[in-house]
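# Sequence and predicted model, in that order:
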Amino acid sequence: MRKSLLSLLLAFFAASVTALEIEQIDPAMAARPADSESMTWHLPYEAPMKLFGFPWFDVEGKYARLPMNNLPAQVTQYKDDGTAVAVEADKCGALILSPYTAGGQVRFRTDSSCIAIHAEVASAYPMYHMTCIGKSGFDTYIKIGEQWKCVGLSRMEVNVPEYTANMVSGLKREMRDVAINFPLYTAVKSVAIGLDKDAAIEAPTPFHDDRPIVFYGTSITPGGCATRPGMASSHILSRMLDREVINEGFSGSGRGEPEIASMLSDIPNAALYILDYAANSSVGEYKTTLPKFIDILRAKHPDTPILLVSATPQDRDINAFERPHVRISGMRDTAKEECQKRNAAGDKNIFFFDIYALWLQRDFWEYEVDGVHLTDMGFLQFAQDIAPEIKKILGE
């Protein structure tokens with residue numbers, strides 16, 4: 001009898017807590033809709049605002065990471081034994097995910113006291129290991145002195161694909177650089193930025209070098225699973241290096257397809273290509289695709305530095321704590337050997353960075369959400385580890 005009464009009380013308490021929304025307890029967690037009437041709305045592609053991270057926007061007018069008007073009907077993938085397989089475009093993950101806006105950013109200068117966002121995204125459903133803000137929201141940075149500081153984000157309702165949200169208010173009315181980062185894991189159908197009606201707007205302070213870094217990789221590259229957009233490694237590196245970083249990472253789908261390499265080779269004036277797609281491949285597949293991918297880039301960019309990066313260690317293998325991950329370590333060796341072979345043949349602008357060996361010396365599992373994808377700690381550590389290598393390659 002006593003046990004039954006206790007069970008009833010616990011059930012009643014659980015139902016009461018479930019029915020009570022958390023923002024009723026903690027107002028800091030509530031969504032923050034913007035006061036649209038007090039603002040003027042601006043499109044991020046109209047001067048003096050400036051878009052970054054979408055190489056084909058000026059031609060196509062689309063927030064996308066690949067040329068949507070000129071996608072191939074098929075792409076070539078490879079089996080573990082090196083056999084080529086033609087894959088239809090509607091089954092190629094990289095082409096399907098190319099409208100996802102990871103790495104996209106709008107920059108400008110303003111003296112507005114508040115900044116709001118009105119956006120419509122393709123999907124706003126939550127994922128078990130990633131926040132709604134990271135997946136389908138925006139965040140805002142302002143430059144204070146020489147440092148970028150995150151001052152706000154789009155606090156929107158969960159699973160609502162169109163929203164208007166106040167990101168930051170109460171700023172001192174003085175001119176400052178602003179950067180607004182696009183969602184990591186969804187497409188953006190439309191977006192407008194709300195500022196004070198009397199706010200001044202100017203072109204952003206230019207990057208110290210207008211040549212972009214092109215970063216090609218796996219689901220980790222576009223920010224799986226950062227809590228907000230600005231915590232993806234590409235954005236952290238952009239702030240660290242004061243450069244545009246074009247994010248060409250595709251979940252489970254950056255597999256070194258030659259057609260993707262050809263599209264990336266069309267990006268003009270790249271300062272550096274980073275190839276970090278090993279984790280999506282088998283060892284045999286990687287041995288086949290890596291030389292082909294480099295050759296395609298070299299055909300148009302004979303002297304542009306190329307940095308090969310090993311995959312980070314993964315603890316989804318139950319033995320990862322006792323011995324190296326066989327597949328990941330095998331591809332690490334492949335990249336290292338490819339770099340050495342090309343260096344010996346005279347290409348001194350191919351480099352290899354072994355983050356796998358570096359992270360094995362640390363508590364790398366604390367860098368990961370699910371044994372594969374990174375936490376914010378992991379993204380920050382990745383950027384801090386690789387930034388000195390990039391600076392050395394670029395002579396900075």
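Received it, and whenever you're ready, just let me know what you need.
# Could you measure from Ile133 over to Asn181?
According to CB to CB, to the nearest Å, Ile133 and Asn181 sit 10 Å apart. Where you see a C-beta, it was placed from the backbone N, CA and C, and this is true even at glycine.
# Residue ranges in the stretch 1-150 of the chain under the pLDDT threshold?
For the stretch 1-150 of the chain, residues meeting the criterion pLDDT under 70 lie at 1-37.
# my bad, should have said the stretch 201-350 of the chain
Ranges of the stretch 201-350 of the chain meeting pLDDT under 70: 315-325.
# go with 90
252-254, 313-331 (pLDDT under 90).
# Let me see the ranges of the strands in it.
201-202, 213-217, 245-249, 272-276, 306-309, 350-353 (DSSP state E, counting those that start in this stretch).
# Tell me the helices and strands packed up against the shortest one.
Put plainly, it is strand 201-202. For strand 201-202, the elements it packs on are strand 105-110, judged by 3 or more CB pairs under 8 Å, 6 or more residues apart in numbering; DSSP states H and E.
# Please state the offset of the following helix or strand past the strand it packs on from the chain centre?
Next helix or strand after strand 105-110 toward the C-terminus (DSSP states H and E): strand 115-121. Relative to the centre of its chain, strand 115-121 is centred 19 Å away, using CA atoms, centre = their mean, to the nearest Å.
# How about stretch 172-186?
16 Å.
# Buried residues of that stretch, list them for me.
Within stretch 172-186, the residues that qualify as buried are 176-186, counting by 16 or more other CB atoms under 10 Å.
# end-to-end on that stretch?
33 Å (CA to CA, to the nearest Å).
# I'd like to know the phi and psi angles of the closest residue to Lys143 other than its chain neighbours, please.
Nearest-residue entry for Lys143: Asp177, 4.0 Å, with adjacent residues in sequence omitted and distances by CB to CB, 6 or more residues apart in numbering. Backbone torsions of Asp177, given as degrees, to the nearest 10, read phi -80, psi 140.
# Report the contact partners of Asp177.
By CB atoms under 8 Å, 6 or more residues apart in numbering, the contact set of Asp177 is 107-109, 142-143, 204-205.
# Could you single out the nearest of the residues you listed to Tyr100?
Arg107 (20.1 Å; CB to CB).
# The closest one and Ala270, how far apart?
19 Å.
# now swap in Thr289 and tell me
20 Å.
# do the same with Thr131
31 Å.
# okay, those two: which has more neighbours?
Ala270 (22 against 17; other CB atoms under 10 Å).
# ok, for the more buried one, nearest residue in space, not its chain neighbours?
Val214 (5.0 Å).
# Which helix or strand contains Gly194?
Per DSSP H and E: strand 188-196 holds Gly194.
# Next, the buried residues of that strand.
For strand 188-196, a neighbour-count test (16+ other CB under 10 Å) marks 188, 191-196 as buried.
# got a list of contacts for it?
By CB under 8 Å, 6+ apart, strand 188-196 touches 34, 36, 38-44, 49, 63, 101, 104, 106, 110, 112-122, 138, 164, 180, 182, 201.
# Quickly run through the sheet partners of it, with directions.
strand 39-42 (antiparallel), strand 115-121 (antiparallel) (DSSP bridges).
# Put the alpha carbons of the shortest one into PDB.
Included here for strand 39-42 are C-alpha records, laid out as PDB according to Å, rounded to 0.1, in the frame of the first residue of the first chain:
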ATOM      1  CA  MET A  39      13.600  48.400 -36.900                       C
ATOM      2  CA  THR A  40      14.600  48.700 -40.600                       C
ATOM      3  CA  TRP A  41      15.300  45.400 -42.300                       C
ATOM      4  CA  HIS A  42      18.300  44.800 -44.500                       C
END
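# what about it, distance to the chain center?
27 Å.
# Return the set of buried residues in that strand.
So strand 39-42, judged by 16+ other CB under 10 Å, has buried residues 39, 42.
# next SSE after that strand?
strand 50-52.
# Moving along the chain from that next one, name the first helix or strand you hit.
helix 57-60.
# Next, the buried residues of that following helix.
Here helix 57-60 shows Phe57 as buried, counting by 16+ other CB under 10 Å.
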